[in-house]
Each structure stands twice: as C-alpha cells, then as structure tokens.
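Peer 1: Quick one, what's the 3D model for this:
(one chain, ligands or ions: 1)
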Amino acid sequence: MKDLHHLSAAEMGRALDDKRVSSVELTKHLLARVAAHEHLGAFLCVDDTAALQQAQAADQRRAAGERGALLGVPLAHKDIFVTQGLPTTAGSKMLGDYRSPFDATVVHKLTQAGLVTLGKLNCDEFAMGSSNENSAFKPVKNPWDASRVPGGSSGGSAAAVAARLVPAATGTDTGGSIRQPASFTGITGIKPTYGRCSRYGMIAFASSLDQAGPLAHSAEDCALLLNTMSGFDERDATSAQESVPDFAAALGQARAGATAAQPLKGLRIGLPGEFFPAALAADVNGAVRAALAEFEKLGATLVDVSLPRTELSIPVYYIIAPAEASSNLSRFDGVRYGHRAKHYTDLLDMYKKSRAEGFGPEVKRRIMIGTYVLSHGYYDAYYLQAQKLRRMIADDFQACFTQCDLIAGPVAPTVAWKLGDKSDDPVANYLADIFTLPASLAGLPGMSLPAGFATQTDGASMPVGLQLIGNYFQEAQLLHAAHAFQQATDWHARTPAGF
Ligand code: GLN
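Peer 2: Model (predicted):
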C-alpha cells in the first residue's frame with residue numbers, strides 16, 4: 001500500500017471500508033504530518049483531541065455496520081467557515097478570539113457524514129486576495145517551491161492538500177479562490193454553480209459571488225465531497241432548490257456513443273480566443289494545449305468560441321465585489337463581536353479605531369472602493385454599469401453554450417509567483433484573476449485540474465492548471481470529463497519533492 005498520506009480521500013474511504021486502516025490511525029498519521037510541516041503556514045489552528053474523538057466516533061459507526069464513502073476520512077476547513085468547536089478568524093485580526101455558536105452548513109454536513117476535522121486553514125483576510133499574502137497571521141508557502149505563493153484566497157487549503165497533510169479541504173471561491181490556488185499547487189478543485197452549496201456560516205465577502213467547494217487530489221474526490229456539501233438550505237436565501245445528482249456515480253456513467261478508448265466521444269469543448277491572449281505565459285499555454293490534445297485523444301472535439309468581454313471582467317468584478325464587501329463588513333464595528341480598540345473617546349471614535357486596528361490594508365482598500373462606487377453620484381456611473389456588464393458577460397457564456405458543452409482554458413495567466421513579487425501592487429494581483437472572474441460573475445461552475453508543469457528560470461518546476469467551465473448545475477459533466485482525463489494522465493497524482 002502507498003504511504004497513508006498519499007492516498008486520496010476516495011482511496012482512504014476504500015481503505016477504511018476494507019479495514020486496512022482505522023480513522024484513528026489515519027488521523028494520528030496526518031496530525032503528525034501537520035505538526036511536522038508547520039513552516040508551510042497552512043494551518044491557523046489544529047485540535048488533536050477533538051479530531052481524535054471524531055475519528056473514534058467514525059470508527060465506531062463503521063464497527064456498527066455503517067458505510068459511507070468518506071466516513072472517517074480526515075479533512076480541514078478554510079478558516080472562513082464558522083465552526084462551533086474551533087476559533088474562526090477569516091484570516092483577520094478583526095475577529096479576535098471569535099468562537100461561533102454554530103457550524104456552517106457545509107461544515108455541519110461534512111461532519112455528519114463522518115469526516116474528521118483536523119483544524120482550520122489559513123486564507124487571505126476575508127478571502128480577499130490571490131496569493132494568501134493578505135492573511136493577517138502569516139503567508140502560506142507553496143509546497144512545490146517554498147519561495148512561491150500557493151495562490152489565494154484558499155491558499156492554506158491548497159497547500160495542505162498539495163503537501164499531503166490532508167487529502168481534502170474546503171475552500172471558497174468568489175472570483176477564483178478555489179480554482180487559482182488549486183492550479184498553483186497542482187491539485188483538483190471545483191467551484192460549483194452559485195447556490196449549489198449553502199453560504200450559511202461562510203463569512204460573507206461578496207454575497208452574490210461567494211460559493212463553497214472542495215479542493216482535493218482528484219475529480220473523484222471532488223465528486224464525493226460535493227455529494228455531501230451540496231443541497232438546498234433554508235437558512236441561505238440564495239441556496240438553489242435544485243436536486244443534487246450523485247456526482248460520484250456520474251463519473252463512471254458512459255456517454256452515449258462513447259468507447260473505452262474514447263470515453264469523451266461527442267463532447268464539445270469550447271476554447272474562447274480571449275482565454276489565449278498573446279500575454280499568456282508560453283509555458284502555461286504549452287501545458288494547457290497539451291492537456292487539450294489529450295482531451296481530443298479521449299474523443300472530445302475542440303471548437304472556437306468567443307467571450308468578448310473577458311477583459312472587462314476585471315473592472316466589473318473589482319467594482320461589484322468591493323461594493324458588496326463594504327456592506328458585508330460594516331457589521332465588524334467592535335460592538336457585537338470581534339476586535340474593539342482599547343482606548344477611544346466616544347462611540348464614533350471607538351468604531352473608527354476598532355476598524356482601523358482590526359482590518360488589514362487590502363480589506364480597507366476594498367471597503368473604500370466599495371463605499372465610493374455605491375455613493376450617491378457614482379452609483380450609476382460605476383455600480384450600475386458594472387451590473388449591466390455582468391449580465392452581458394453571463395449572456396456571452398450562454399451564446400458559447402449553444403456551440404459547446406464545456407469551455408476550457410488556463411486558470412491563470414502564469415504559474416505561482418514568488419512571495420513578495422506582487423504584494424505591494426494590488427492591481428497586478430487583480431489582473432491575475434482574468435480567467436477565473438468571468439465564470440464567477442456568471443455564477444457558473446468551474447474547476448481546475450492539474451495539466452502539467454512549467455520549468456521556471458530559477459529552475460523550479462511549477463504546476464499548471466487547466467480550467468473547465470460548465471453550464472449551470474452541470475457539475476456532473478465537468479467532473480466526468482475531468483475524471484476521464486485523470487484516468488488517462490497522472491498529473492494529479494504527482495507530489496512535490498519531500499512530501
Ligand atoms: N482574487 C480575487 C479577489 O481578491 C478572488 C478572491 C476569492 O475568490 N475569494 O477578490
């Protein structure tokens with residue numbers, strides 16, 4: 001058998017099924033790895049005692065005859081999901097020693113299914129960022145090259161999975177925060193359709209965009225996790241009343257007309273010209289094109305499509321997301337919870353000082369931009385225009401989907417950059433989101449899967465991700481295509497040296 005930590009979540013489930021290992025053994029093994037790899041900065045808190053109790057309970061459930069694909073499998077949660085037993089920070093000093101009186105719905109569902117929570121994972125402050133350098137506590141290092149970022153904002157989730165500290169983790173994606181870190185760390189992640197997973201208990205950044213999803217070893221893992229995470233929740237007013245198919249079962253379902261050698265026969269993959277601009281790094285382009293050639297071998301056909309407003313996604317997103325953030329973050333006032341300044345003269349001064357001390361620079365920047373674009377006199381010029389363009393971007397996708405079943409392209413214009421390279425240039429960070437923002441604005445499901453490596457001038461060999469975007473609630477089709485690709489390739493199974 002492989003080393004325990006090299007097993008995917010699905011493989012761990014099967015090992016538990018066959019009694020080759022117990023949940024307590026798995027949990028102890030991974031807790032020791034988490035402790036040994038603290039230098040990565042992936043975890044913000046770990047609770048060994050609680051994890052071992054959950055593992056014991058999972059073993060007892062199995063001993064009593066219960067089965068479950070992930071019953072007893074360890075994982076960890078992005079620290080943007082509130083948890084009853086563990087502190088929640090959202091990567092911010094603002095929340096101080098906050099402890100939630102309840103679990104986020106996604107956490108609750110995974111815990112009920114018997115997954116074992118090892119701890120909470122580092123992230124950009126309030127999920128704002130593309131490199132995890134905006135965490136108020138510490139940056140996260142990329143396991144493939146510790147001098148590089150893991151991507152963001154779910155950087156802790158991605159690094160923990162890539163370093164094989166956990167087989168799977170939760171993340172959230174507002175404008176790319178599952179797909180981009182998955183791409184930068186060579187793992188698989190999916191952002192479901194907006195509304196597929198409940199936002200209840202997910203600390204809000206931009207409510208019309210925020211969506212939870214899994215990061216794991218493979219499409220199979222993502223399918224299993226999504227089976228548990230998805231579904232209508234009456235506590236979330238934007239939760240979709242849409243039935244949830246068995247994503248894992250769909251992986252093995254043959255397409256009409258498909259053969260064993262060509263499992264994707266008949267699948268039309270659209271390539272938007274705008275996703276392959278001249279500025280795209282040549283090595284990223286090369287790996288993505290090679291992955292697409294593999295899809296062709298598997299029977300898919302590639303068709304040219306157009307998403308003409310791709311570039312506009314950046315200004316549109318960076319108006320709408322800060323607008324919503326400025327409203328959502330007004331609740332952090334030093335009164336109800338979180339950080340309160342020690343010295344102040346009156347109520348207004350207390351608000352000002354608490355917020356000035358509690359929030360980091362990127363969060364303050366977004367609150368200011370958001371307040372500005374929503375203010376009288378600018379609302380029509382910025383916010384309303386952005387909303388109109390958002391609709392057009394969504395319509396562009398629907399035009400594409402008359403010609404293809406899935407859309408493919410790179411996840412990001414480059415591989416993971418060096419820590420510090422863009423940390424004093426917010427706009428450089430924003431520009432790196434160009435390929436993930438369109439699907440977020442349209443509310444469409446998107447995933448990132450490992451597609452190869454690119455050797456950098458400093459000798460580092462960094463993972464490259466391929467992005468697949470599907471139509472609304474077509475996660476099963478995305479996962480099916482990704483799974484077929486992963487059956488034929490082994491990029492997703494590669495691990496960074498030393499891990
Ligand atoms: N990088 C984007 C931002 O900074 C997306 C973040 C996210 O998806 N949470 O807003």
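
Peer 1: all strands for this protein, in order.
Peer 2: With strands called from DSSP state E, the chain shows them at 43-46, 74-78, 116-121, 168-173, 188-191, 211-216, 268-272, 301-305, 406-410, 446-455, 461-469.

Peer 1: Can you list phi and psi of the residue most central in space within the chain for me?
Peer 2: Centroid-nearest residue in the chain, with CA atoms, centre = their mean: I178, separated by 1.8 Å. The phi and psi values for I178, taken as degrees, to the nearest 10, are phi -100, psi -50.

Peer 1: Show the contacting residues for it.
Peer 2: By CB atoms under 8 Å, 6 or more residues apart in numbering, the residues touching I178 are 154, 157, 171-172, 189-191, 213-215, 448. For glycine as for every other residue, the C-beta is placed from the backbone atoms N, C-alpha and C.

Peer 1: Out of the residues you listed, flag the one nearest to the ligand.
Peer 2: Nearest to the ligand among the contacts of I178, counting by CB to the nearest ligand atom, is T172 at 6.0 Å.

Peer 1: Tell me the residues on the stretch 101-250 of the chain that lie near the ligand, please.
Peer 2: Taking CB under 6 Å from any ligand atom, the part of the stretch 101-250 of the chain that reaches the ligand is made up of 127-130, 153, 173-177, 205.

Peer 1: which among the residues you listed end up buried?
Peer 2: 127-130, 153, 173-177, 205 (16 or more other CB atoms under 10 Å).

Peer 1: Make JSON lines out of those residues and add pLDDT.
Peer 2: Shown next, in JSON lines, are those (pLDDT from 0 to 100):
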{"residue": "A127", "pLDDT": "98"}
{"residue": "M128", "pLDDT": "98"}
{"residue": "G129", "pLDDT": "97"}
{"residue": "S130", "pLDDT": "97"}
{"residue": "S153", "pLDDT": "98"}
{"residue": "D173", "pLDDT": "98"}
{"residue": "T174", "pLDDT": "98"}
{"residue": "G175", "pLDDT": "98"}
{"residue": "G176", "pLDDT": "98"}
{"residue": "S177", "pLDDT": "98"}
{"residue": "F205", "pLDDT": "98"}
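
Peer 1: pull the CA atoms of stretch 356-366 into CSV?
Peer 2: C-alpha atoms of stretch 356-366 as CSV (Å, rounded to 0.1, in the frame of the first residue of the first chain):
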residue,chain,number,x,y,z
ALA,A,356,-8.6,50.8,11.7
GLU,A,357,-6.8,48.4,14.0
GLY,A,358,-8.7,45.3,13.1
PHE,A,359,-8.7,45.3,9.3
GLY,A,360,-5.6,44.9,7.1
PRO,A,361,-4.7,47.2,4.1
GLU,A,362,-6.4,45.2,1.3
VAL,A,363,-9.6,45.0,3.3
LYS,A,364,-9.5,48.7,3.9
ARG,A,365,-8.8,49.4,0.2
ARG,A,366,-11.9,47.3,-0.8
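
Peer 1: That one near the ligand at all?
Peer 2: No: counting by CB under 6 Å from any ligand atom, no contacts exist between stretch 356-366 and the ligand, the nearest distance being 7.7 Å.

Peer 1: buried residues in that stretch?
Peer 2: 358-360, 362-363, 366.

Peer 1: Which two among the contacts of I178 are spaced furthest apart?
Peer 2: Farthest-apart pair in the contacts of I178 is T172 and S448; separation 14.2 Å (CB to CB).

Peer 1: Of those two, which one has the most company?
Peer 2: S448 (35 against 26; other CB atoms under 10 Å).
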